[in-house]
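[1] The amino acid sequence is not available; the structure is as follows:
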């Protein structure tokens, strides 16, 4: 069988009976942490196998593109706060000023690239930035998948397959950045995790315990101690420039779900004084704007980066542009944006610049003429939408729910934590039921990725 999720290792797995286990793993297995016993999305019992070259390309993209993203304010806007305010913050000069103060502190945060592997190679559809990037949770199912497959579990062959532990990289990066940016006194480090409004206190406690366990393992490696805490951001108070939750000094704050709360001024003041690490500061919304992909392409076309970086951008980021009533250059031809959207419908995607989980995404080839026209009108009226060249995934044979191997489309979620590549996971959707948007929240199946290192 050609072009399967098992890459060129399909024959190594071929003796495994596909009827011996369900195609989706059992999340109630004892190996699964309590936090994921009721995981919302199906996890494929079969892995995705990649080779060293694919892993190396993903690493290059995950490490390099976030660095180039951070250069946009200077290279595209010349650090002009009015231009930045007009583009990202609806003209709000004060918010723009605060955002640039945050930006100039050069605080690194984790990122996740969403990519498709097309005929052109990997194409970057989005660059997600901040603590709430998601997807690293899937690593908790890795040990179950290994046990299901002799090729992954046998002593003779298991060492040939490596799966990057995104969770460990996430936590290590968090502690690294806290120690880099905050003046720690003594050996105690405490992290506040904003989880959103979880009404069930038992569920909240389970979630907190998961983070606390991972943090304490990382602290132990460094001779440190500390805990994870949660609650409402408004409960955090400033005392002599430092942030406290009651009597506990908080050194890092990660926001998994803001859910209606705003970052208190006390937290912002402490962040400015380098007394708390806050990766989800005001400028993080600027970094996560999908219009940046188009700006990166414009800068690369103008030769603003190194030759290698210009080439990386132009090869890996599909044509992307902010939707406004203007002329654009598409395939070396000047054309009005509205005319382009209407005449090249099947080649394009319309999506919200700050959208997530596949929301407000309209794919031309899967939309009726009426739906597409409504999407254009919404985009023009809103002003914060992009048009992007549709990058269709190659077909990969994978098992469907009935365990029949059929063509699937894949979206790759690859992590970058500063200079460190944090691994990759996959969401897949069967071609027979393909509607264009491949997202866990819209029915895609998730899968763990192994690099074959032999």
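    In hand now; what should we look at? Source: prediction; values computed, not measured. Numbering: from 1, shown residues only.
[2] Where does pLDDT dip in this structure?
    Scanning the chain for pLDDT under 70 picks out 1, 15-20, 357-358, 434-437, 439, 441-442.
[3] Now do the contacts for the residue nearest to the spatial centre of the chain.
    In the chain, the C-alpha closest to the average C-alpha coordinate belongs to residue 112, at a distance of 2.8 Å (C-alpha atoms, centre = their mean). Residues near residue 112 by C-beta atoms under 8 Å, 6 or more residues apart in numbering: 127, 128, 133, 134, 135, 413, 414, 415, 416. The C-beta positions use only the backbone N, C-alpha and C, and glycine is treated the same way.
[4] Serialize those to JSON lines and add fields for neighbour count, secondary structure and distance to residue 234.
    Converted to JSON lines, those look like this (neighbours: other C-beta atoms under 10 Å; DSSP: H, G, I helix; E, B strand; the rest coil; distance: C-beta to C-beta, whole Å):
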{"residue": "127", "neighbour count": "26", "secondary structure": "strand", "distance to residue 234": "31"}
{"residue": "128", "neighbour count": "19", "secondary structure": "strand", "distance to residue 234": "26"}
{"residue": "133", "neighbour count": "23", "secondary structure": "coil", "distance to residue 234": "25"}
{"residue": "134", "neighbour count": "15", "secondary structure": "coil", "distance to residue 234": "25"}
{"residue": "135", "neighbour count": "21", "secondary structure": "coil", "distance to residue 234": "29"}
{"residue": "413", "neighbour count": "24", "secondary structure": "strand", "distance to residue 234": "32"}
{"residue": "414", "neighbour count": "27", "secondary structure": "strand", "distance to residue 234": "35"}
{"residue": "415", "neighbour count": "25", "secondary structure": "strand", "distance to residue 234": "31"}
{"residue": "416", "neighbour count": "30", "secondary structure": "strand", "distance to residue 234": "32"}
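[5] Next, please give the residue ranges for the strands of the stretch 251-400 of the chain.
    252-255, 320-322, 327-330, 333-336, 348-352, 361-363, 385-389, 396-399 (DSSP state E, counting those that start in this stretch).
[6] Can you redo these as TSV, where the extra columns are mean neighbour count?
    TSV is the format used below for the strands of the stretch 251-400 of the chain (neighbours: other C-beta atoms under 10 Å):
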stretch	mean neighbour count
strand 252-255	24
strand 320-322	22
strand 327-330	15
strand 333-336	11
strand 348-352	22
strand 361-363	21
strand 385-389	23
strand 396-399	22
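[7] Among the ones you listed, single out whichever gets nearest to residue 76.
    strand 320-322 (12.0 Å; C-beta to C-beta).
[8] neighbouring contacts of the closest one?
    Taking C-beta under 8 Å, 6+ apart as the rule, strand 320-322 contacts 290-291, 293-294, 297, 328, 337, 353, 385-389.
[9] let's see 6 Å
    291, 293, 294, 328, 386, 387, 388 (C-beta atoms under 6 Å, 6 or more residues apart in numbering).
[10] and the second one, what does it touch?
    So that's residue 293. Taking C-beta under 6 Å, 6+ apart, one finds 317, 320 in contact with residue 293.
[11] Distance check, it against residue 88.
    Counting by C-beta to C-beta, to the nearest Å, the separation of residue 293 from residue 88 is 14 Å.
[12] can you check the third one too?
    As judged by C-beta to C-beta, residue 294 and residue 88 stand 13 Å apart.
[13] Between the two, which is the more surrounded one?
    Neighbour count, other C-beta atoms under 10 Å: between residue 294 and residue 88, residue 88 has more, with 25 against 20.
[14] wait, what's in contact with that one?
    residue 286.
[15] If we use 10 Å, what do you get?
    72-73, 77, 95-96, 99, 283, 285-287, 289, 291-292, 353-354, 384 (C-beta atoms under 10 Å, 6 or more residues apart in numbering).
[16] For the residue nearest to residue 2 when sequence neighbours are not counted, name its beta-bridge partners.
    If the residues on either side of it in the chain are set aside, residue 2 comes closest to residue 397, at 7.7 Å by C-beta to C-beta, 6 or more residues apart in numbering. Taking DSSP bridges, one finds residue 4, residue 407 as the beta-bridge partners of residue 397.
[17] What residues does residue 397 make contact with?
    With C-beta under 10 Å, 6+ apart, residue 397 has these contacts: 1-6, 10, 404-408, 431.
[18] if we go to 8 Å?
    1, 2, 3, 4, 5, 405, 406, 407, 408.
[19] follow-up on the earlier one: and the residue nearest to the centre of the chain, that's in a strand?
    Yes - residue state for residue 112 (DSSP: H, G, I helix; E, B strand; the rest coil) corresponds to a strand.
[20] That one bridge partners, please.
    Bridge pairing for residue 112 - DSSP bridges - gives residue 128, residue 415.
[21] now it: how far from residue 249?
    30 Å.
[22] now residue 431
    Taken as C-beta to C-beta, the span from residue 431 to residue 249 is 53 Å.
[23] re the thing from before, so which of the strands of the stretch 251-400 of the chain gets nearest residue 58?
    strand 396-399 (15.9 Å).
[24] Could you verify my assumption that residue 58 touches residue 415?
    No - look at residue 58 against residue 415 with C-beta atoms under 8 Å: they stay out of range, at 9.1 Å.
[25] Please name the nearest non-neighbouring residue to residue 117.
    residue 394 (5.6 Å).
[26] so who does that neighbour touch?
    Applying C-beta under 8 Å, 6+ apart, the residues contacting residue 394 are 3, 117, 118, 119, 410.
[27] Show me just the buried residues among those.
    Buried members of the contacts of residue 394, counted by 16 or more other C-beta atoms under 10 Å: 117, 410.
[28] Give the residues shared as contacts by residue 58 and residue 415.
    Shared between the contact lists of residue 58 and residue 415 (criterion: C-beta under 8 Å, 6+ apart) are residues 421, 424.
[29] still on that earlier bit, check the contacts of residue 88 for burial and list the buried ones.
    72-73, 77, 95-96, 99, 283, 285-287, 289, 291-292, 353, 384.
[30] which one of these is nearest residue 147?
    Comparing the buried ones among the contacts of residue 88 against residue 147 with C-beta to C-beta places residue 287 closest, at 39.1 Å.
[31] Could you find the closest non-adjacent residue to the closest one?
    In space, residue 287 is closest to residue 129, 4.3 Å off (C-beta to C-beta, 6+ apart).
[32] Mind putting the strands of the stretch 251-400 of the chain into a markdown table with distance to residue 216?
    What follows is the strands of the stretch 251-400 of the chain, written out as a markdown table (distance: least, C-beta to C-beta, whole Å):
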| stretch | distance to residue 216 |
| --- | --- |
| strand 252-255 | 14 |
| strand 320-322 | 42 |
| strand 327-330 | 52 |
| strand 333-336 | 57 |
| strand 348-352 | 39 |
| strand 361-363 | 39 |
| strand 385-389 | 42 |
| strand 396-399 | 37 |
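[33] Tell me which of those approaches residue 152 most closely.
    strand 396-399 (15.8 Å).
[34] Just give me how far that closest one sits from the chain centre.
    Relative to its chain's centre, strand 396-399 lies at 24 Å (C-alpha atoms, centre = their mean, to the nearest Å).
[35] swap in stretch 154-171?
    20 Å.
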